[in-house]
Each structure stands twice: as C-alpha cells, then as structure tokens.
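no sequence for this one, just the structure:
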C-alpha cells in the first residue's frame with residue numbers, strides 16, 4: 001500500500017503545480033475597468049460602453065491584428081495614447097487585444113494633454129542638457 005501512495009502523491013503535486021503555473025501565466029498585469037462619466041485625457045484602457053451609444057472614434061473601422069479563425073468577437077472600445085493607435089501591432093499585446101476588433105476612442109483634450117506632456121519633457125531635457133558641449137569632459141579645461 002505504501003508503494004502506491006507515494007507515486008499518487010507525487011502525481012497530484014505535479015498536476016497541482018502545473019495548474020498553478022498555468023493560472024499564473026494566464027493572469028495579465030492589466031486590469032479591465034468600467035469607465036463612468038467623462039473620459040479623461042491621459043487615462044488609457046478598455047472602455048465598457050454597455051448599452052450606451054458608441055463614443056467618438058479615431059478610425060471608423062475596427063482594427064484587427066490577427067483574426068480569430070473560429071469565433072466572431074465583439075469589438076472592444078479602447079482609449080490608448082496616439083502612438084499606440086498608430087502602431088497597434090506593436091502595442092496590442094499590452095491590452096490583450098491582438099486577435100480582437102478594436103475601436104479607438106477619441107477623447108476631447110487628448111491633443112492638449114499630449115502637447116503639454118511633450119512640452120514638459122522637452123523643457124526638462126533642455127534644462128538637463130543646458131551645459132553640454134561647453135567643454136565638459138572633452139579636454140577643454142582652464143588649467
């Protein structure tokens with residue numbers, strides 16, 4: 001009896017660990033949330049519209065990177081940064097939406113938000129690089 005118990009115990013542990021690893025791999029770090037009220041510039045992700053009319057879109061046709069061969073899927077509505085919509089094949093995995101039709105939602109204020117974000121980045125970079133090229137580290141020393 002003792003001989004059969006040990007292999008069964010080991011087999012059960014292997015099966016449980018395989019299930020646990022599979023569940024961990026299936027989990028994604030992104031959270032699906034329902035957006036209520038007005039959409040905010042700079043807040044990106046999936047939008048569950050329910051029975052509401054579709055929001056304003058960037059493209060009139062849904063974008064699909066890989067077609068699902070069997071199932072017809074409902075389109076997703078996503079609010080993504082402008083660069084993600086332009087190069088969707090590069091970013092679709094981040095949203096777990098590569099095989100699904102996707103409508104990109106246009107949000108008023110996105111252009112202003114991106115412009116301010118770029119300006120802040122540019123101003124920071126200019127301050128950081130203010131003294132580069134003025135003899136720092138290239139042998140131009142006043143000894």
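Good, I have the coordinates. Note that the structure is a prediction, hence the values are computed from the model and not measured.

what residue ranges in the protein score low on pLDDT?
1-39, 67-71, 109-143 (pLDDT under 70).

50 instead?
1, 4-5, 14, 19, 21-35 (pLDDT under 50).

give me the spatial nearest neighbour of residue 77, chain neighbours excluded.
residue 47 (4.3 Å; CB to CB, 6 or more residues apart in numbering). All C-beta spots, glycine's among them, are computed from the backbone N, C-alpha and C.

my bad, should have said residue 88
residue 63 (5.2 Å).

and the one you found, how far from residue 40?
To residue 40, residue 63 is 23 Å away according to CB to CB, to the nearest Å.

more crowded one of those two?
Higher neighbour count among residue 63 and residue 40: residue 63, with 18 against 13, using other CB atoms under 10 Å.

phi, psi of that one?
phi -100, psi 130 (degrees, to the nearest 10).

roughly how far does it sit from residue 57?
Noted for residue 63: a distance of 11 Å to residue 57, by CB to CB.

which residues do these two both contact?
Among the neighbours of residue 63, those also in contact with residue 57 (CB atoms under 8 Å, 6 or more residues apart in numbering) are 103, 104.

residue 95 against residue 46, yeah?
Yes. With contact defined as CB atoms under 8 Å, residue 95 counts as touching residue 46 (6.8 Å).

which residues do those two both contact?
76, 78.

residues in contact with residue 76?
46, 95, 97, 100, 101, 102, 103.
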